[in-house]
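>>> turn this into a structure:
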Amino acid sequence: MWYLYILLCKDGSLYTGISTNVEKRFLEHKNGKGGRYTRSHQPVKLVYQEELANHSEALKREFEIKSWPRKKKLELQEQRDNSGRSGQSH
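Numbers count the residues shown, from 1 in each chain. Presented below is the predicted three-dimensional model:
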């Protein structure tokens with residue numbers, strides 16, 4: 001199973017990525033072993049995650065969401081919270 005995730009960074013920016021283990025990947029980002037972007041923007045919180053069937057679907061969804069404006073990305077979490085399902089957060 002693959003997951004798409006969105007991290008909130010210390011400067012208020014959002015980082016979108018994919019992984020098979022979101023918890024582990026979040027810790028890698030926090031410890032400076034993630035992507036180049038998160039090394040300089042310090043992720044502080046996991047604000048959204050979504051389960052996808054396979055790597056190909058995860059890549060497609062990541063590409064789609066990375067093209068969205070910030071507001072639309074934040075609406076993903078709001079929609080999930082309002083539908084009664086809780087988004088993962090740390």
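
>>> tell me which strands and helices the helix or strand of the chain with the lowest mean pLDDT is in contact with?
None of the helices or strands of the chain scores lower by mean pLDDT, DSSP states H and E than helix 70-82, at a mean of 90. The contact analysis (3 or more C-beta pairs under 8 Å, 6 or more residues apart in numbering; DSSP states H and E) places helix 70-82 against strand 2-9, strand 14-19, strand 43-52. Every residue, glycine included, has its C-beta placed from N, CA and C.

>>> just the angle between the second one and helix 70-82, please?
Regarding strand 14-19 and helix 70-82, their directions subtend 60 degrees when assessed with axes from the mean of the first three to the mean of the last three C-alpha atoms, to 10 degrees.

>>> any idea of the angle strand 14-19 forms with strand 2-9?
Going by the same axes, to 10 degrees, strand 14-19 makes 150 degrees with strand 2-9.

>>> note down every partner strand of strand 14-19 and its orientation.
Here strand 14-19 is paired, per DSSP bridges, with strand 2-9 (antiparallel).

>>> quick one: mean pLDDT over the partner strand.
Mean pLDDT, strand 2-9: 98.

>>> same deal with stretch 43-59?
Computed over stretch 43-59, the average pLDDT equals 98.

>>> flag every buried residue along that stretch.
Neighbour-count burial for stretch 43-59 flags Pro43, Leu46, Val47, Tyr48, Gln49, Glu50, Leu52, Ala58 (criterion: 16 or more other C-beta atoms under 10 Å).

>>> again with stretch 11-26
Residues of stretch 11-26 classed as buried: Leu14, Tyr15, Thr16, Gly17, Ile18, Ser19, Val22, Arg25, Phe26 (neighbour count, 16+ other C-beta under 10 Å).
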